[in-house]
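J.: Build me a model from this:
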Amino acid sequence: MKVLLLKDPKDKDSGPDPYIKELGLYGFEATLIPVLSFEFVSLESLFEKLSHPECYGGLVFTSPRALEAIKICLKENSKNEAWSKSLKQRWNTKPAYVVGKATASLVEEIGLIPQGEKSGNAEKLAEYICSREKPDSSALLFPCGALKREVLPTALREKGVPLESLTVYQTTQHPDLQESLSSYFSQQVLDADVI
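T.: A predicted model of the protein is given here:
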């Protein structure tokens, strides 16, 4: 039996997609079709803010894509050099709050030390942050997506913890979605005709 999964495949570097693997164990033939794509925006503004850690009390990451935006910024040699020479060390004197283990590992990849990775969701991360930050301290920099939920910003605002959000990516329909779906269903019709 065939199963269509509308999701991105797991990174090729980390082995086979766990859904395909698990469904295969039960005799299912799974196909993945990505439905979302991400467009990175405000990268110059992001690097400008990252260049001034003295203006912030720390960083907040609730999405792997926010870290992908930082990695894109750092691909430019001069920016990577600035990050490696001093910015990374200066940011490491401040907390880098993360919502989960996947985001924590990406924070480690850029040389920062994550905090709060066991929180698991924005509400618990907000509680964790509020237990460590003083009201009216320096703002935390929050690179995020255009579709972010307001749970974390609202909770921090209610406790007087300043947060500066910066939209660094937008979620859009995957450019190949229509073509991929048409191709998949055309193949299913062809397969059915053979039987």
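J.: which one's the longest helix in the chain?
T.: Longest helix in the chain, counting residues (DSSP state H): helix 177-194.
J.: What is that helix packed up against?
T.: Contacts defined by 3 or more C-beta pairs under 8 Å, 6 or more residues apart in numbering; DSSP states H and E place helix 177-194 against no helix or strand at all. C-beta coordinates here come from the backbone N, C-alpha and C atoms, glycine included.
J.: Just the buried residues of that helix, please?
T.: With burial defined by 16 or more other C-beta atoms under 10 Å, the residues of helix 177-194 counted as buried are 177, 180.
J.: Stretch 41-50 too?
T.: The neighbour-count check on stretch 41-50 (16+ other C-beta under 10 Å) flags 41, 42, 43, 46, 47, 49, 50 as buried.
J.: didn't the second one look like it was pressed against residue 170?
T.: Okay, so that is residue 42. No. If you go by C-beta atoms under 8 Å, residue 42 and residue 170 don't touch, sitting 9.9 Å apart.
J.: Can you list the low-confidence ranges for the chain?
T.: Applying pLDDT under 70 to the chain picks out residues 11-15, 192-195.
J.: quick one, strands of it?
T.: With DSSP state E, the ranges of strands along the chain come out as 2-5, 29-32, 36-40, 58-61, 96-98, 114-115, 140-145, 163-173.
J.: name the helices or strands packed onto the first one?
T.: By that I understand strand 2-5. Strand 2-5 sits against helix 18-25, strand 29-32, with contacts defined as 3+ C-beta pairs under 8 Å, 6+ apart.
J.: Partner strands of it and their direction?
T.: Strand pairing for strand 2-5, determined by DSSP bridges: strand 29-32 (parallel).
J.: swap in the shortest one?
T.: Strand partners for strand 114-115, identified by DSSP bridges, are recorded as strand 96-98 (parallel).
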